[in-house]
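Enquirer: need a structure here:
(chains A and B)
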Protein chains: 2
Amino acid sequence: MSLGNVEQKDFLKSFDYFICDCDGVLWHGRKPVPGAQEVLKNLVSMGKKKFYFTNNSALTRKQFVDKFNSLGFDAKEEEILSTAWLTAKYLKNINFNKKVYVVGGTSIKEELDKFEIENFGAGPDNYEARGSSNFTLESSDIELVPDVGAVVVGYDLFFSYPKVAKANCYLNDPECLFLATNKDGKIHFGAGITVPGSGALVAAVEVCSDRKAEVIGKPSPFAIDHVLIPSGIDPKRCLMIGDRCSTDIHFGNQRGMITLLVETGVHRYSDLEKFKSSGMDHLIPSYYTSSVADISKIMRLP
Amino acid sequence: MSLGNVEQKDFLKSFDYFICDCDGVLWHGRKPVPGAQEVLKNLVSMGKKKFYFTNNSALTRKQFVDKFNSLGFDAKEEEILSTAWLTAKYLKNINFNKKVYVVGGTSIKEELDKFEIENFGAGPDNYEARGSSNFTLESSDIELVPDVGAVVVGYDLFFSYPKVAKANCYLNDPECLFLATNKDGKIHFGAGITVPGSGALVAAVEVCSDRKAEVIGKPSPFAIDHVLIPSGIDPKRCLMIGDRCSTDIHFGNQRGMITLLVETGVHRYSDLEKFKSSGMDHLIPSYYTSSVADISKIMRLP
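Expert: Alright, predicted model coming up:
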């Protein structure tokens, strides 16, 4: 049901901050959602403060700023909650002082470097060419580095068997932390094609090591508890805008944020009935609307 | 409790066939379990017929015969139930006539070739060297072959991101079969080291594609229903000998085989209480003993 004029005003008064998911909300790949830039500008001109929160671990905050700007969005590094950065921040917060084995992209390496956290592993790791026929594993293929205190698994285009084998060896030590930037199983690559997300890669390491990774990205409340609240931000005065209920909406609902589902990405209003009837109330948003550009045509749930 | 003399004789009369798991029962890596060869010879001299059933998909039946012989065991190809061969047999049985995308070793390719099933994918699949910094995926990295009707995932030392991406694309077609040689999450590599098993690799493809693989190896009853029974073998006259309750014992229990846990591998008598109290009766063997070499000192469960 549409909000009346008074309700619409009350809605806009109900938050001081808005946190936008990116892919599926602000853009698809490199194509902005029509009108999204203007709505964000309007909200900012009303005095609202913005954050962007993406589970994508393939870029650094700096690279995200460049992407935002190139697509016509205003963005500063400190407004970006991206999982490569958040993972580095997590380790900094606990005064981590060992080495990190990174099963992920150079973005994770660069964010860890900025916090001066020693790390290795980003980039290709294949066997030396020994021929593929009757190839067998040798112990020299899983040479280990001493003093590793954490394994971080994120989006890794160079994901490979030797990486899973090494991650598993480090994780045999129960003291070694096991962090996942996020657990999205697939990524929409455009033209109806999906490609493996970090969640698929994390699953391989989890099954092998018989351990469960701690998730840093959405829906984990880490960013609320360790970034927003310490900055003096009240989650109850935040609007979380997202297209995926299992990450964005679940994330916001955990600490009492107001949540808004936009129907330009993964989930639709029609999915909510299914969640409700399966008792998954944590996936139900406060409001929904067709697009972030239609924030003036926001709907309340019946 | 030990079997009495009469019970021991009755036990030996109760089966005509015995099916031995290999690693952890007959050998560890390349080291035979002491006395195992002799016990198998004795059983055969009593008129028992033997099979070997291994979830290991890294070797062809022919390569297994060579391994058995080199370790002092008698073996013929037709006595070997190995998962690369079983997977090819599965596809042959259903008159499969499309292409198979193999995420696995050349052993799977060779077994498929023998059944004249068209297949591709075994061996390395990495990106062309384009530098690892700021590497992004391009659609040319996931070039697809037409007419693929099955994805087979097995043990694959060349497991890589592009392979998961391609498997996922083929599996987007709900008609495309999704087979796993087995789902063992890890393999004991010796010296306390474990390395990723097929189960870890299958998990990545499952999470990404949102589908569940059909398992060909233990504990799936495929080998009983489609190899043993069609050869006129009554499962109730088979003794299944294994060291892992979740694969070997579960496999045998499903069709009324007699099952024997040997304590030279993964599980011990002390694990059975845990299974019983969690209601996992399908993991409880008929008998247990310390080693396959101690088949004369077999124990019945209290």
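
Enquirer: contacts and neighbour counts: CA atoms only from here.
Expert: Fine.

Enquirer: show me the contacts for the residue positioned nearest the centre of chain A.
Expert: When Cα atoms, centre = their mean is applied to chain A, the residue found nearest the centroid is A:Asn55 (1.4 Å). Contact analysis of A:Asn55 by Cα atoms under 8 Å, 6 or more residues apart in numbering or on different chains lists A:82-83, A:181-182, A:184, A:217-218.

Enquirer: I figured A:Phe178 was touching A:Ala150, is that so?
Expert: Yes - at 5.8 Å, A:Phe178 counts as touching A:Ala150 under the criterion of Cα atoms under 8 Å.

Enquirer: Mind telling me what element A:Ala88 is part of?
Expert: Assessed by DSSP states H and E, A:Ala88 sits inside helix A:83-93.

Enquirer: Then A:Val65?
Expert: Per DSSP H and E, A:Val65 falls inside helix A:61-70.

Enquirer: Which of the three states applies to A:Gly123?
Expert: With DSSP: H, G, I helix; E, B strand; the rest coil as the basis, A:Gly123 sits in coil.

Enquirer: count of residues packed around it?
Expert: A:Gly123 has 21 neighbouring residues, counting by other Cα atoms under 10 Å in any protein chain shown.

Enquirer: Contacts for stretch A:20-27, please.
Expert: With Cα under 8 Å, 6+ apart, stretch A:20-27 has contacts from A:29, A:32-33, A:36-37, A:50-54, A:240-243, A:248, A:262, A:264-266, A:291-292.

Enquirer: what's the pLDDT at the closest residue in space to A:Lys92 that isn't next to it in sequence?
Expert: Residue nearest to A:Lys92 in three dimensions, not counting chain neighbours: A:Phe115, with 6.8 Å by Cα to Cα, 6 or more residues apart in numbering or on different chains. The model reports A:Phe115 with a pLDDT of 98.

Enquirer: repeat for A:Met1
Expert: Looking at A:Met1, its pLDDT reads 65.

Enquirer: And A:Gly24, by the same measure?
Expert: At A:Gly24, the model reports a pLDDT of 93.

Enquirer: tally of neighbours for it?
Expert: 22.

Enquirer: Got the phi and psi for it?
Expert: Torsion angles at A:Gly24 (phi, psi; degrees, to the nearest 10) stand at phi 90, psi -10.

Enquirer: all helices for chain A, in order.
Expert: A:5-13, A:36-45, A:61-70, A:83-93, A:106-114, A:161-171, A:198-209, A:222-223, A:250-254, A:269-277 (DSSP state H).

Enquirer: can you redo these as JSON lines with mean neighbour count and distance to A:Thr136?
Expert: Shown next, in JSON lines, are the helices of chain A (neighbours: other Cα atoms under 10 Å in any protein chain shown; distance: least, Cα to Cα, whole Å):
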{"stretch": "helix A:5-13", "mean neighbour count": "13", "distance to A:Thr136": "62"}
{"stretch": "helix A:36-45", "mean neighbour count": "16", "distance to A:Thr136": "53"}
{"stretch": "helix A:61-70", "mean neighbour count": "17", "distance to A:Thr136": "40"}
{"stretch": "helix A:83-93", "mean neighbour count": "22", "distance to A:Thr136": "34"}
{"stretch": "helix A:106-114", "mean neighbour count": "21", "distance to A:Thr136": "29"}
{"stretch": "helix A:161-171", "mean neighbour count": "24", "distance to A:Thr136": "12"}
{"stretch": "helix A:198-209", "mean neighbour count": "28", "distance to A:Thr136": "19"}
{"stretch": "helix A:222-223", "mean neighbour count": "20", "distance to A:Thr136": "41"}
{"stretch": "helix A:250-254", "mean neighbour count": "24", "distance to A:Thr136": "44"}
{"stretch": "helix A:269-277", "mean neighbour count": "13", "distance to A:Thr136": "47"}
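
Enquirer: re the thing from before, how about the residue nearest to A:Lys92, what does it touch?
Expert: A:Phe115 neighbours (Cα under 8 Å, 6+ apart): A:88-89, A:92.

Enquirer: now the residue of the stretch 201-302 of chain A found nearest chain B, nearest residue through space, not along the chain?
Expert: At 4.2 Å from chain B, A:Ala204 is the closest residue in the stretch 201-302 of chain A, using Cα to the nearest Cα. In space, and not counting its chain neighbours, A:Ala204 is closest to B:Ala200: 4.2 Å by Cα to Cα, 6+ apart.

Enquirer: cool, A:Val33 as well?
Expert: A:Trp27 (4.9 Å).

Enquirer: quick one on the thing from earlier: only alpha carbons, please: show the helix holding A:Val65 as CSV.
Expert: The C-alpha coordinates for helix A:61-70 follow below in CSV (Å, rounded to 0.1, in the frame of the first residue of the first chain):
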residue,chain,number,x,y,z
ARG,A,61,37.6,1.7,-1.1
LYS,A,62,39.7,3.9,-3.3
GLN,A,63,38.8,1.9,-6.4
PHE,A,64,35.1,2.0,-5.4
VAL,A,65,35.3,5.9,-5.2
ASP,A,66,36.6,5.9,-8.8
LYS,A,67,33.8,3.6,-9.9
PHE,A,68,31.1,5.7,-8.1
ASN,A,69,32.4,8.9,-9.6
SER,A,70,32.7,7.4,-13.1
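
Enquirer: contacts for it?
Expert: A:74-77, A:80-82, A:85.

Enquirer: starting at the chain centroid, how far to that helix?
Expert: Its chain's C-alpha centre and that of helix A:61-70 lie 16 Å apart, by Cα atoms, centre = their mean, to the nearest Å.

Enquirer: how big is the angle separating it from helix A:36-45?
Expert: 110 degrees (axes from the mean of the first three to the mean of the last three Cα atoms, to 10 degrees).

Enquirer: what angle separates helix A:61-70 from helix A:106-114?
Expert: Here the directions of helix A:61-70 and helix A:106-114 differ by 120 degrees (the same axes, to 10 degrees).

Enquirer: Would you map the strands across the stretch 151-300 of chain A?
Expert: For the stretch 151-300 of chain A, the strands defined by DSSP state E, counting those that start in this stretch occupy A:177-180, A:186-190, A:193-196, A:214-215, A:238-242, A:258-262, A:287-289, A:299-300.

Enquirer: Next to chain B, which bits of chain A? Give me the list.
Expert: Taking Cα under 8 Å from any Cα of the partner chain as the test, the list of chain A residues beside chain B reads A:106, A:123-124, A:126, A:132-134, A:136-137, A:156-162, A:164-165, A:168-169, A:185-186, A:193-197, A:199-209.

Enquirer: So, low pLDDT: which residues of the stretch 1-150 of chain A?
Expert: By pLDDT under 70, the weakly predicted segments of the stretch 1-150 of chain A are A:1, A:128-135.

Enquirer: Then the stretch 151-300 of chain A?
Expert: For the stretch 151-300 of chain A, the ranges with pLDDT under 70 are A:299.

Enquirer: switch the cut-off to 50
Expert: Of all residues in the stretch 151-300 of chain A, none has pLDDT under 50.

Enquirer: Let me know the closest of the contacts of A:Phe115 to chain B.
Expert: The closest of the contacts of A:Phe115, once distances to chain B are taken by Cα to the nearest Cα, is A:Ala88, at 18.7 Å.

Enquirer: Who are the contact partners of the closest one?
Expert: A:Ala88 makes contacts with A:108, A:111-112, A:115, A:117, as judged by Cα under 8 Å, 6+ apart.

Enquirer: how far away is it from A:Ile117?
Expert: 8 Å (Cα to Cα, to the nearest Å).

Enquirer: Next: A:Leu228.
Expert: 22 Å.

Enquirer: more crowded one of the two?
Expert: More neighbours surround A:Ile117 than the other of A:Leu228 and A:Ile117, with 19 against 16 (other Cα under 10 Å).

Enquirer: Quick check: the more buried one touching A:Val102?
Expert: No - in this structure A:Ile117 lies outside contact range of A:Val102 using Cα under 8 Å: 11.5 Å.
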